[in-house]
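Q: need coordinates for the below:
(one chain, ligands or ions: 2)
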Amino acid sequence: MIMSTLSEAYQDHPLHPHHVIPLDFDSVRALPDTHVWPPASHALESDDRLSIPTVDLTDPDAGKLVGQACEAWGAFQVTNHAIPLDLLREVESEARRLFSLPTEQKLKALRSPGGATGYGLARISPFFNKYMWHEGFTIMGSSIDHARDLWPNDYQRFCDAMEDYQKRMKELAITLMHLILKSLDISEEERTRVVSAGGASTALQLNSYPFCPDPNRAMGLAPHTDTSLLTILHQSTVNGLQIFKDGVGWVLVSPTNGSLVVNVGDLLHVLSNAQFPNVLHRVVLKENQQRLSLAYFYCLPSDFHISPLAPLNPTRMPLFRSVSVRDYIGIKAKNLEKALSLIRF
Ligand SMILES: O=C(O)CCC(=O)C(=O)O
Ligand SMILES: [Fe+2]
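A: Ligands and ions are numbered 1, 2, ... in the order given. Take a look at the predicted model:
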């Protein structure tokens, strides 16, 4: 069934309610101890003038540029991506409407411990002993059930915006996947096999980083890689997203009007035989105001077996054993960032 991969995997790994229910952010005046991160967690900041490449999708060289960016950074921004600015504004405004609801109202759409969709903490929360200054809302396809709980008489515009957005994101993800796999010299047949299977499991994650009384000691979203082929991210005008580049450190990814951030996820890292880094990223609270982002995860179906695609570069020896997406997600749910080393030869 469509969208099944993530839901299945999450059912198998239910979370403790402490790792689902966000803080009542409106009620706190000082940062609680549970949310204070050690100073070292914010260290290693690099020069804020460095930035990831930006690729204009209408550039005739876009394919080559996208490939280079994936290899050097595991991330890039895209412009001229054909997603209407009005739609970006609309989904952002609907996300804002959701997170502005009183806490008790948001809790009516709380994700269940073994569930995949709804309101709750970041899924990586159980791996850290401090809580993140973050609340999220996950959508897979239709959001009608949870939206009805939030706004019994006024849920349609939220659902319509989110559905329209996911449809447009899927088209963009398919375009990007073709360009990226082509840059690896993957044959057309193999590209089509992967891209047509892709998208059977997608999720839209709305993220909110509320106003924080002590931003320098809090963490928005702890360092992680995404369990996707690729992730397409829209961020509001507030800074905070950083990506990690080997030999450089944490690099800020500044929001620029209308451009979208694309991240290489774990699955594409495996398909590329580690030629593309699955980029480590985090969110710090840089500015003293609420930050919003919308992350669209483009995945593969649970029964798809991932392994490096031929032709292999640079060693031409596969670095990973073949594993089903279902098994990989299960390994990651238990081991987080060690998951990839467990499927490496
Ligand atoms: O808020 C952001 O900019 C990043 C969000 C993110 O990394 C995620 O949802 O996986
Ligand atoms: Fe992420």
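Q: contacts and neighbour counts: CA atoms only from here.
A: Will do.
Q: can you list the strands that the helix or strand harbouring Asn263 pairs with?
A: Counting by DSSP states H and E, the element that carries Asn263 is strand 260-264. The sheet places strand 260-264 alongside strand 75-79 (antiparallel), strand 230-235 (antiparallel), with pairing taken from DSSP bridges.
Q: export those strands to TSV and append columns for mean pLDDT and distance to ligand 1.
A: Written out in TSV, the entries for the strands paired with strand 260-264 read as follows (pLDDT from 0 to 100; distance: least, C-alpha to the nearest ligand atom, whole Å):
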stretch	mean pLDDT	distance to ligand 1
strand 75-79	98	12
strand 230-235	98	6
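Q: residues contacting the nearest residue to Phe297 once chain neighbours are set aside?
A: Ranked by C-alpha to C-alpha, 6 or more residues apart in numbering and with sequence neighbours excluded, the top spatial neighbour of Phe297 is Thr231, at 4.6 Å. Counting by C-alpha atoms under 8 Å, 6 or more residues apart in numbering, Thr231 touches Val261, Val262, Asn263, Val264, Gly265, Ala295, Tyr296, Phe297, Tyr298.
Q: if we use 6 Å, what do you get?
A: Val262, Asn263, Tyr296, Phe297 (C-alpha atoms under 6 Å, 6 or more residues apart in numbering).
Q: and those residues, which is closest to Leu340?
A: Within the contacts of Thr231, proximity to Leu340 (C-alpha to C-alpha) peaks at Asn263, which comes in at 16.8 Å.
Q: could you flag which of the contacts of Thr231 are buried?
A: With burial judged by 16 or more other C-alpha atoms under 10 Å, the buried subset of the contacts of Thr231 is Val262, Asn263, Tyr296, Phe297.
Q: so the first one versus ligand 1, what's the distance?
A: From Val262 over to ligand 1 the distance is 11 Å, taken as C-alpha to the nearest ligand atom, to the nearest Å.
Q: same list, the strands paired with strand 260-264, but as CSV with distance to Asn207 please.
A: As requested, the strands paired with strand 260-264 are exported to CSV (distance: least, C-alpha to C-alpha, whole Å):
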stretch, distance to Asn207
strand 75-79, 19
strand 230-235, 9
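Q: out of those, which gets nearest to His134?
A: When those are ranked by distance to His134, counting by C-alpha to C-alpha, first place goes to strand 230-235 at 14.3 Å.
Q: wait, what's in contact with the residue most central in space within the chain?
A: By C-alpha atoms, centre = their mean, the mean C-alpha position of the chain lies nearest to Ala295, the distance being 4.6 Å. Each residue near Ala295 by C-alpha under 6 Å, 6+ apart is listed here: Leu204, Gln205, Ile232, Leu233.
Q: for it, helix, strand, or coil?
A: Look at Ala295: counting by DSSP: H, G, I helix; E, B strand; the rest coil, its state is strand.
Q: distance check, the residue nearest to Phe297 against Met317.
A: As defined by C-alpha to C-alpha, to the nearest Å, Thr231 lies at a distance of 27 Å from Met317.
Q: need the helices for the stretch 201-345 of the chain, in chain order.
A: The residue ranges that make up the helices of the stretch 201-345 of the chain, judged by DSSP state H, counting those that start in this stretch, are 266-271, 325-335, 339-342.
Q: what does the longest one rub up against?
A: So that's helix 325-335. Residues external to helix 325-335 that are found in contact with it (C-alpha under 6 Å, 6+ apart): Ser302, Phe304, Ala339.
Q: now do that helix: distance to the chain's middle.
A: Relative to the centre of its chain, helix 325-335 is centred 16 Å away, using C-alpha atoms, centre = their mean, to the nearest Å.
Q: picking that back up, which of the strands paired with strand 260-264 sits closest to Leu15?
A: Relative to Leu15, the nearest member of those by C-alpha to C-alpha is strand 230-235, separated by 23.5 Å.
Q: tell me which residues form a beta bridge with the residue nearest to Phe297?
A: Legend: beta-bridge partners of Thr231 under DSSP bridges are Asn263, Phe297.
Q: doesn't Val283 make contact with Gly220?
A: Yes: Gly220 is in contact with Val283 according to C-alpha atoms under 6 Å; the separation is 4.8 Å.
Q: so for these two, which residue has more residues nearby?
A: For Gly220 against Val283, the residue with the higher neighbour count under other C-alpha atoms under 10 Å is Gly220, and the figures read 26 against 23.
Q: helix/strand/coil for the residue nearest to Ile83 when sequence neighbours are not counted?
A: Taking C-alpha to C-alpha, 6+ apart as the measure, Ile83 lies nearest to Arg168, with 6.7 Å between them; neighbours along the chain are not counted. When the structure is split into helix, strand and coil by three-state DSSP, Arg168 lands in helix.
Q: repeat for Gly63
A: Classification of Gly63 using three-state DSSP returns helix.
Q: check contacts around it.
A: Leu179.
Q: quick one: it and ligand 1, what's the gap?
A: In this view, Gly63 and ligand 1 are 24 Å apart by C-alpha to the nearest ligand atom.
Q: could you pull out the strands for the stretch 51-200 of the chain?
A: Remark: strands of the stretch 51-200 of the chain, listed N- to C-terminal, are 54-56, 75-79, 118-120, 135-139; assignment by DSSP state E, counting those that start in this stretch.
Q: got the contact list for stretch 271-279?
A: Contacts with stretch 271-279, where a contact means C-alpha under 6 Å, 6+ apart, come from Cys70, Glu71, Gly74, Thr225, Val264, Gly265, Asp266, His269, Ser307, Pro308, Leu309.
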